[in-house]
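1. Just to be clear, the model below is a prediction. Sequence and coordinates:
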Amino acid sequence: MMALWGAIIGAGLFHGFNPGMGWPLAVSAALMDKSPRALWPALGALAVGHFLAMAMVLLPFSLVSSLIKWDVEIRISAGVLVALMGVYLLFNRKHPRFLARVKPTRLALWSFLAALAHGAGLMLVPIFLAMHDVGDSIVGNVVAAGFVAGAHTAAMAGACITVSYVIYRWLGLKFLTRTWFNLDVAWALSLIIVGIVGIVSAAS
Amino acid sequence: MQLRPDSSFYPTARMAMEAPVEKYGFTVMLSGDASQPDGIAVVDLDSTSKTFGQIVHQVMATTPGDEFHHFGWNACSASLSPLSGHAFLERRYLIVPGIRSSRIYIIDVKEPLKAKIHKVIEPEEVFEKTGYSRPHTIHCGPEGIYVSTLGGGGKDGTDGPPGIFIMDCETFEILGRYEMDRGKQDKHYDFWWNLPQDYMVSSEWGLPPQYENGIVPSDLLSNKYGHSIHFWDLRARKNVQTLDFGEQYQMALEIRPAHDPAKSYGFCGVVVDTTNLQGAIFTWWRDDDGKWQAKKTITIDPVPAEADQLPELLKGFGAVPPLVTDIDLSLDDRFLYVACWGLGEMHQYDVSDPMSPVLVGKVELGGIVKDTKHPNGRDFAYGPQMVEISRDGKRVYWTNSLYSSWDDQFYPDDEGGQMVMAHVGEEGGLTLDKDFYVDFPQGLRAHQIRLEGGDCSTDSFCYPNN
């Protein structure tokens, strides 16, 4: 169980540190306003969007996951779905253009759509399904999904806050280009791996 | 696949200024009479090189008659916004449109000395997918590559208004029109934007029949060229305000926003005021209520001349108009360079206070009446025209041709292409480099310049200077 929570927190940190998930926008907001106070609303908006994207993906799985009879099938289908998303992202590296049409002032919406489009929520599904005990109530599963999304987002926001504050206050934006790595392939592969692990653990 | 952002992408304008010095320039070579294909000259700008100031490679078009004019990069510092999702593009391709043919060349300059054509988009594809013609300014932005056009549909480009279209920044496929609501905009020329503040500004020259076969004097005297600039909600693709400078301010051309995106102002050059032949620069800014305003902050007077010193077109006026045909702003938003193509002068203004520019430097070269020679003793055909500033602001490059048919009207006796360079003093001041004088191959004129790794009229920065 600890390992599964660790995976959820780890994924959160991974998302938060990745510039592609938005922390540079918080730094930009603070620089535009010439005040570190402008970091917080921007980071808040990014976190809210991320949380909603996680919750939206986990919710349907939490509703069906109490169907004891279909537990194995559900977990296998979820694993297949996640792995397929990974395969899709591996071969289609183009970024969805609709994301570029979101206004810079709509950070929560942008964060929500970016997390959704990259399958960030899907990455949590097999972990979430592996956590619950067969026979938990629907309400219990929905609450658990909320906790998973919340813990993940807290880790993501913590990473975002740390890196944007340190860059804003001390390091400066030259670290943006030095620390931004192209994780597209790693990201797609991690979806595939998580999906396969989900399938294997359900079948065994 | 790029694993890191391109090293020529900079979060802020100030960081771009600290970048390594440019080693190569890319300059348009234009066949004035369309007797040979146009091309891009690769010029050695490395002062330690044996071939410094020479054309070291040429990429020629496939067909004559394109009329190369302006061009731009497939990717720039704009890619560093997470919002665009394009952080790992490479600054590698020049997008070079033919302003007359509507053909677009994608040139791969990854290795400048082996630069080559990567793809050609035929005019029919542009017409079919956009209903526009005569592509002009190129900027890379949130949704891909944005291209402004001067003509609408039909043979003479007057079937519908011109506008901007978007190309995919990886495949170079034309995606379609930009505008969802163009408001009063019915002419086009240049455009640029402020990405974090999410606005775009566009300007107006004239419709194709007003320029393709030369300037139309009756249209100019009846103030029928463009005199408005348009402000757009960039991502909503909507014209939110049209600002008319006044009808005598004919041909509002280059749009130069402050490079630091925390600022909400910029400049626009006007070729000629028809009431007094002055050239003018307007400063535009957003006021406290969010409305856009503009004010004339620079005027340049015409110089009286005898009729026999003037081309046919100007004989009746008894003066040379300055003809402000290009302006460019240094990356620190401090110096604005103004090309006076008619007078034969390059002006340098300190615009630290954008509302009250101060003339701090001036170089005389070429010109309709003065025809000043280069310090090396050689001729400079036409006058100073397209101007480009090095990222660090220490060197200013310019060329001499405006537009084929207009060159012939204003300078009927001149021919040739030259590119020169001037050094900038610490507190301003401009001095021509005696040893930098690129003479273009026979029959080819010179137009826009792009510097390897970006310059002062390509990159859009996503983060304020810190």
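-> Happy to help now that I have it. Please read all numbers here as calculations on a predicted model, not as lab measurements.

2. Next, count neighbours for the residue lying closest to B:P304 once chain neighbours are set aside.
-> In this structure, B:P304 finds its nearest non-sequential neighbour in B:A319, 4.9 Å apart by C-beta to C-beta, 6 or more residues apart in numbering or on different chains. All C-beta atoms are positioned from the backbone trio N, CA, C, and that covers glycine. Close neighbours of B:A319, defined as other C-beta atoms under 10 Å in any protein chain shown, add up to 15.

3. Need the pLDDT of whatever residue of chain A ends up closest to chain B.
-> Nearest residue of chain A to chain B (C-beta to the nearest C-beta) works out as A:H95 at 3.2 Å. A:H95 carries a pLDDT score of 76 in this model.

4. So the residue of the stretch 1-150 of chain B at minimum distance from chain A versus B:C140, what's the distance?
-> At 3.2 Å from chain A, B:G85 is the closest residue in the stretch 1-150 of chain B, using C-beta to the nearest C-beta. Relative to B:C140, B:G85 is positioned 13 Å away (C-beta to C-beta, to the nearest Å).

5. go on, A:L46?
-> Between A:L46 and B:C140 the computed distance is 25 Å (C-beta to C-beta).

6. the more surrounded of those two?
-> A:L46 (30 against 26).

7. interface residues of chain A facing chain B?
-> Neighbours of chain B within chain A, by C-beta under 8 Å from any C-beta of the partner chain: A:19-22, A:24-25, A:27-28, A:31-32, A:34, A:93-97, A:99-105, A:110, A:114, A:168, A:172-174, A:176-177, A:180-182, A:184-185.

8. mind running it again at 6 Å?
-> Neighbours of chain B within chain A, by C-beta under 6 Å from any C-beta of the partner chain: A:19-20, A:22, A:24, A:28, A:31-32, A:95, A:97, A:99-101, A:103-104, A:173, A:176-177, A:180, A:182.

9. Show me the residues you listed that map onto helices.
-> Judged by DSSP state H, the subset of the residues of chain A next to chain B located in helices is A:24, A:28, A:31-32, A:176-177.

10. Is B:V109 in contact with B:A115, as I believe?
-> Yes. Under the criterion of C-beta atoms under 6 Å, B:V109 makes contact with B:A115 at 4.4 Å.

11. so B:V240 sits in a strand?
-> Yes. Judged by DSSP: H, G, I helix; E, B strand; the rest coil, B:V240 forms part of a strand.

12. OK, contacts around it?
-> For B:V240, the contacting residues are B:231, B:233, by C-beta atoms under 6 Å, 6 or more residues apart in numbering or on different chains.

13. From chain A, how far off is it?
-> Applying C-beta to the nearest C-beta, to the nearest Å, the value for B:V240 to chain A is 13 Å.

14. so how far is A:V197 from that residue?
-> Counting by C-beta to C-beta - B:V240 and A:V197 are separated by 51 Å.

15. can you check B:F380 too?
-> 71 Å.

16. Which one of the two is surrounded by more residues?
-> B:F380 (23 against 17).

17. Could you find the closest non-adjacent residue to that one?
-> In space, and not counting its chain neighbours, B:F380 is closest to B:G366: 3.9 Å by C-beta to C-beta, 6+ apart.

18. pLDDT score assigned to that neighbour?
-> pLDDT at B:G366 comes out at 98.

19. residue contacts, it?
-> B:344, B:380, B:382-383 are the contacts of B:G366 under C-beta under 6 Å, 6+ apart.

20. Which residues does it form beta bridges with?
-> Residues in a beta bridge with B:G366, per DSSP bridges, are B:T372.

21. where's it relative to A:P24, distance?
-> The gap separating B:G366 from A:P24 is 46 Å, by C-beta to C-beta.

22. what does B:V303 give?
-> Note on B:V303: its distance to A:P24, by C-beta to C-beta, is 50 Å.

23. likewise B:Q36?
-> Taking C-beta to C-beta, one finds B:Q36 at 47 Å from A:P24.

24. The two - which one has more neighbours?
-> For B:Q36 versus A:P24, neighbours defined as other C-beta under 10 Å are more numerous around A:P24 (24 against 16).

25. show me what contacts the more buried one?
-> A:P24 makes contacts with A:176, B:82, as judged by C-beta under 6 Å, 6+ apart.

26. Could you rerun that using 8 Å?
-> Applying C-beta atoms under 8 Å, 6 or more residues apart in numbering or on different chains to A:P24 gives the contacts A:164, A:173, A:176, B:11, B:80-82, B:462-463.

27. Kindly report the same for B:G393.
-> B:17, B:330-332, B:334-335, B:424, B:456.

28. so of the residues you listed, which ones are in strands?
-> B:335, B:424 (DSSP state E).

29. Check the contacts of B:G393 for burial and list the buried ones.
-> Listed as buried from the contacts of B:G393 are B:17, B:330-332, B:335, B:424, B:456; burial here means 16 or more other C-beta atoms under 10 Å in any protein chain shown.

30. nearest spatial neighbour of the residue most central in space within chain A, skipping sequence neighbours?
-> Residue closest to the average C-alpha location in chain A (C-alpha atoms, centre = their mean): A:A120, at 3.8 Å. Nearest non-adjacent residue to A:A120, counting by C-beta to C-beta, 6+ apart: A:H15, 5.9 Å away.

31. Relative to B:Y199, which of the contacts of B:G366 is nearest.
-> Each of the contacts of B:G366 was checked against B:Y199 using C-beta to C-beta; the closest is B:G383, at 33.0 Å.

32. longest helix of chain A?
-> In terms of residue count, the longest helix belonging to chain A (DSSP H) is helix A:138-166.

33. Who are the packing partners of it?
-> When contacts are defined as 3 or more C-beta pairs under 8 Å, 6 or more residues apart in numbering or on different chains; DSSP states H and E, helix A:138-166 packs onto helix A:2-17, helix A:23-33, helix A:39-64, helix A:125-131.

34. what's in contact with the last one?
-> Okay, so that is helix A:125-131. Helix A:125-131 is contacted from outside by A:1, A:4-5, A:7-8, A:11, A:57-58, A:61-62, A:65, A:74-75, A:78-79, A:81-82, A:144-145, A:148, A:194-195, A:197-198, A:201-202, using C-beta under 8 Å, 6+ apart.
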